[in-house]
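K.L.:
compute the structure for the input listed below.
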Amino acid sequence: MWTISCQKNLMRSGHQSDEGFIGRARERAEFVALFQRKGASLVTCLGRRRIGKSRFIAECARQADLFLSFSGLAPREGLGKQEQLLAFAEQLAKQTKMPRVALDSWPTALRLLDSQLPTTGSVVVVLDEISWMAIGDRDFAGHLKTEWDERLSKRRGLILVLCGSVSSWIEENILNSTGFVGRCTWQFHLKPLPLDECAAFWGTRSSRVSAAEKWRMLAVTGGVPGYLEQVLPSKTADENVERLCFNPSGMLFHECRRIFHDIFSRRAGAYEAIAATLAAGPRTLQEIGDALGRERGGSLGDALRDLELAGFLRRDAFCDPLTGKTRPREHRYRVCDPYLRFHLKYVAPNEERINKGLYQHASFERLEAWDTIMGLQFEALVLDSQEVLFKRLGLANRAVLNAGPYAQGKTLRREACQIDFLIRTRESLYIVELKCRRVVGVDVIADVKRKIERLKLPKGQSFRAVLVHTGKLDPAVEESDYFDVIINADEWLS
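P.N.:
Reported below is the predicted structural model:
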């Protein structure tokens, strides 16, 4: 085995600092803090495909003396345990310079990995796409638990990261498994980048690109680093989307089918159909079941949970502003991933024509119902940047009891109303209106007044009316002094 100094040099020469790494400052600080622990750390890292899990771990591991990374092979016909073991052996040999050996089982493979780790110094080992590694071996998680208990957990300075896009596998086999109770030191769940970090992907040209154009691009990519990296700052949003989404060779043209297949395998078609029912807006579990002709519980509930864990859907648990309690039967599911909604709405229906070269992509403004979809995309983007919004509202260091979209159904005693974002603290309710328009006019005041009048609130409840907008704001809106806070979201993209 090499001395630790040789391994350290390899680490630093093979994994140089990535000057282009953007964001994740808080998460990186949390990871680096693990190096200060005396014992070994078992860490999980979850997040949708292309969110940058592997890049994040590699960036954090730059501070380690040794970094070893292993990745499972993507599912395909005929792929089994032996192919995964062969891939593991090849990756181990390549990174440690030891001869490649034939492996007959995962216990053997994991013991061999342990034998190649130094006894001193800091080490980061990542098992990436761990659910793929487990293909063909139902006892994989058990083997890993045994190896951790008997050997790996006793290595000081070791951080073992279990990573994957199939979050449901990690939830079931690691986080919720009785075998791993008390063993996980830290859990990272990487979400899309907040809006105020996304502008960096336009690089030195960012100041030349308008906020409106950035919003159009983000409406397709969301805050997903793997998609934002594909943006060519020298091209317009229309040109980038046409190149990426409406071209048979474009990365985002085939992306939806690819990630659904890789994550959900044989269930991919059924899961995509569930997402498609939500492309036009949120629905309750009952409404989804009715649209698909399926029963509410059982497999449909499991599928929705899997889609949530994968980062494609979100279940909004409405908190009644009158009682402060949630109403489970009124929970609504929505597509929280802008790319997925855009693909389902505009790309998937035209897939055959695009493949034949017959589809001529029009500008955003000419896409069917674009204003409506853009409104939904804008809402999803802002809701994914809650911390940025809380900071602007002065709530960053205050207790937020509940936060999320809110819908009040119609009854004999009350009218229906929908609040884009309702924030509840001990002192007040913040009723947030999200507007994505070229010009936000004074009609927004009447809209919000009507919603608040219909909203059932406790007597004496304080509330604040908040407007978060893009585009030009009619001066009369500010002059009216109706809103307690007005936030220009375009400033987040400067």
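K.L.:
could you give me the buried positions within the helix or strand containing residue 470?
P.N.:
Applying DSSP states H and E as the criterion places residue 470 in strand 463-473. By neighbour count on 16 or more other Cβ atoms under 10 Å, the buried set for strand 463-473 is 463-471, 473. (Glycine included, C-beta is placed from N, CA and C.)
K.L.:
and the next element down the chain from the one helix or strand in the chain whose mean pLDDT sits lowest?
P.N.:
Every helix and strand in the chain was compared by mean pLDDT, DSSP states H and E; the lowest is helix 4-14, with a mean of 36. The helix or strand immediately downstream of helix 4-14 is helix 25-33, counting by DSSP H and E.
K.L.:
what mean pLDDT does that following helix have?
P.N.:
For helix 25-33, the mean pLDDT works out to 96.
K.L.:
quick check: the gap between the closest residue to residue 101 other than its chain neighbours and residue 160.
P.N.:
Excluding the flanking residues, the one nearest residue 101 by Cβ to Cβ, 6 or more residues apart in numbering is residue 89, at 6.1 Å. Separation of residue 89 from residue 160 (Cβ to Cβ, to the nearest Å): 19 Å.
K.L.:
those two: which is more packed in?
P.N.:
Neighbours were counted for residue 89 and for residue 160 using other Cβ atoms under 10 Å; residue 160 has more, 23 against 19.
K.L.:
can you list the residues that contact the helix or strand hosting that one?
P.N.:
Remark: residue 160 resides in strand 158-164, with elements defined by DSSP H and E. By Cβ atoms under 8 Å, 6 or more residues apart in numbering, the list of residues contacting strand 158-164 from outside reads 31, 34-35, 40-46, 53-54, 57, 64, 117, 122-132, 144, 148, 152, 170, 174.
K.L.:
so which of the residues you listed are in helices?
P.N.:
31, 53-54, 57, 130-132, 144, 148, 170 (DSSP state H).
K.L.:
of all those, which comes closest to residue 338?
P.N.:
residue 53 (19.2 Å; Cβ to Cβ).
K.L.:
wait, that closest one sits on residue 43?
P.N.:
No - the pair residue 53 / residue 43 is not scored as a contact, 11.4 Å apart, by Cβ atoms under 8 Å.
K.L.:
who has more neighbours, those two?
P.N.:
More crowded of residue 53 and residue 43, by other Cβ under 10 Å: residue 53, with 24 against 21.
K.L.:
quick one: the more buried one and residue 82, what's the gap?
P.N.:
Using Cβ to Cβ, we find residue 53 at a distance of 26 Å from residue 82.
K.L.:
ok, now residue 471?
P.N.:
From residue 471 to residue 82 the distance is 57 Å (Cβ to Cβ).
K.L.:
for residue 113, same thing?
P.N.:
On the measure of Cβ to Cβ, residue 113 and residue 82 end up 18 Å apart.
K.L.:
how far away is residue 439 from residue 212?
P.N.:
Counting by Cβ to Cβ - residue 439 and residue 212 are separated by 12 Å.
K.L.:
overlap in contacts of the two?
P.N.:
residue 471.
K.L.:
between those two, who's got more neighbours?
P.N.:
residue 212 (16 against 10).
K.L.:
for the helix or strand where the more buried one lies, list the C-alpha coordinates in PDB.
P.N.:
Using DSSP H and E, residue 212 maps to helix 211-221. Taking Å, rounded to 0.1, in the frame of the first residue of the first chain, the C-alpha atoms of helix 211-221 are listed here in PDB:
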ATOM      1  CA  ALA A 211     -33.500  39.400 -15.800                       C
ATOM      2  CA  ALA A 212     -36.400  38.700 -18.100                       C
ATOM      3  CA  GLU A 213     -34.200  36.500 -20.300                       C
ATOM      4  CA  LYS A 214     -32.700  34.700 -17.300                       C
ATOM      5  CA  TRP A 215     -36.200  34.000 -16.000                       C
ATOM      6  CA  ARG A 216     -37.100  32.400 -19.300                       C
ATOM      7  CA  MET A 217     -34.100  30.200 -19.200                       C
ATOM      8  CA  LEU A 218     -34.600  29.300 -15.500                       C
ATOM      9  CA  ALA A 219     -38.300  28.400 -16.300                       C
ATOM     10  CA  VAL A 220     -36.800  25.500 -18.300                       C
ATOM     11  CA  THR A 221     -33.700  24.500 -16.300                       C
END
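K.L.:
for the helix or strand following that helix, C-alpha coordinates in PDB please.
P.N.:
Downstream of helix 211-221, the next assigned helix or strand under DSSP H and E is helix 225-228. What follows is helix 225-228, C-alpha atoms only, in PDB (Å, rounded to 0.1, in the frame of the first residue of the first chain):
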ATOM      1  CA  PRO A 225     -26.600  22.900 -12.000                       C
ATOM      2  CA  GLY A 226     -26.400  20.100 -14.500                       C
ATOM      3  CA  TYR A 227     -28.800  22.000 -16.800                       C
ATOM      4  CA  LEU A 228     -27.500  25.500 -16.100                       C
END
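K.L.:
by contact count, what packs against helix 225-228?
P.N.:
helix 211-221 (3 or more Cβ pairs under 8 Å, 6 or more residues apart in numbering; DSSP states H and E).
K.L.:
the helix it packs on packs against which elements?
P.N.:
Using 3+ Cβ pairs under 8 Å, 6+ apart: helix 211-221 touches helix 195-198, helix 225-228, helix 237-245, helix 338-342, helix 370-383, strand 463-473.
K.L.:
who wins for proximity to residue 20 among those?
P.N.:
Of the helices and strands packed on helix 211-221, nearest to residue 20 by Cβ to Cβ is helix 225-228, at 10.1 Å.
K.L.:
ok, residues contacting the closest one?
P.N.:
22-23, 49-52, 55, 193, 198, 201, 220-221, 244, 251-252, 339.
K.L.:
surely residue 68 forms part of a strand?
P.N.:
Yes - counting by DSSP: H, G, I helix; E, B strand; the rest coil, residue 68 is located in a strand.
K.L.:
if we can go back for a sec, can you tell me which of the ones in helices among the contacts of strand 158-164 is nearest residue 392?
P.N.:
residue 31 (27.3 Å).
K.L.:
residue 104 versus residue 359, what's the distance?
P.N.:
51 Å.
K.L.:
those two - which one has more neighbours?
P.N.:
More crowded of residue 359 and residue 104, by other Cβ under 10 Å: residue 359, with 17 against 10.
K.L.:
what helix or strand is the more buried one on?
P.N.:
Using DSSP H and E, no helix or strand contains residue 359.
K.L.:
so that it lines up with my notes, have the first residue be 45 from now on.
P.N.:
From this message on, residue numbering opens at 45, which makes the last subject residue 403.
K.L.:
which residues touch it?
P.N.:
290, 394, 397.
K.L.:
roughly how far does it sit from residue 292?
P.N.:
On the measure of Cβ to Cβ, residue 403 and residue 292 end up 10 Å apart.
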